[in-house]
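Peer 1: A structural model of the following input is requested.
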Amino acid sequence: MDTIEQDYNNLIKQYKLPSFTKLDEEFEIRALEENRSGRPVKAIIRVIAGKLRSFLEALDAVVNPNPGSVYSMITVNGLDNPTKEKIFQFYKKVASLYQQCLLFELLSDEESANFIKKFWKEWPTIKKKQIEHLKQIINAWAKETKKESKLGYHG
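Peer 2: Numbering: from 1, shown residues only. Here you go, the predicted structure:
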């Protein structure tokens, strides 16, 4: 019986993609086994798109603050303007990659595989920056929690 790993290993030979283990470690492509589509390159693109979408959602409170959302206001007010600008620039980069995933899902397997290879080279930097920005957001919340404990909650 074929597995997603065997299918992917064939793609490695055909398109010179990153190893299954490395890609699985970052994107959990092993989970594709349950919903195999017969198009593993397209399925991997969808998994990458899902990860990028979650990055965008995590940063949305900073780049598109909602004045009616306590979460959004605490997040954005706890960050200085240079940090918000860096997050915004990063958000644009991730959004562009997300849109590319949507495009490559519609194109040939070869074009999609080339995108995966290109994306894989950028991934360590993208991941590192996302971690950095999430830590900044967590620190913004930690500051707010300290303020709140001094003042008491008045919700």
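Peer 1: ok, the closest residue in space to Ala140 that isn't next to it in sequence - contacts?
Peer 2: Sequence neighbours aside, Gly78 is the residue nearest to Ala140 in space, at 2.6 Å (criterion: C-beta to C-beta, 6 or more residues apart in numbering). C-betas here are computed from N, CA, C, even on glycine. Listed by C-beta atoms under 8 Å, 6 or more residues apart in numbering, the contact set of Gly78 reads 137, 139-141, 143-144.
Peer 1: What number of residues are in the vicinity of the closest residue to Ala113 other than its chain neighbours?
Peer 2: In this structure, Ala113 finds its nearest non-sequential neighbour in Tyr15, 3.6 Å apart by C-beta to C-beta, 6+ apart. Counted with other C-beta atoms under 10 Å, residues neighbouring Tyr15 total 15.
Peer 1: so Tyr15 touches Asn114, yeah?
Peer 2: Yes. Counting by C-beta atoms under 8 Å, Asn114 is a contact partner of Tyr15 at 7.4 Å.
Peer 1: ok so, going back, and the residue nearest to Ala140, how close does it get to Gln100?
Peer 2: 31 Å (C-beta to C-beta, to the nearest Å).
Peer 1: If you count neighbours, what's buried in the stretch of helix or strand Val47 belongs to?
Peer 2: Assigned by DSSP states H and E, Val47 belongs to helix 40-63. Neighbour counts using 16 or more other C-beta atoms under 10 Å place 40-45, 47-49, 51-52, 55, 58-59, 61-63 of helix 40-63 among the buried residues.
Peer 1: what does stretch 91-100 give?
Peer 2: Counting neighbours by 16+ other C-beta under 10 Å, stretch 91-100 gives 91, 93-95, 97-98, 100 as buried.
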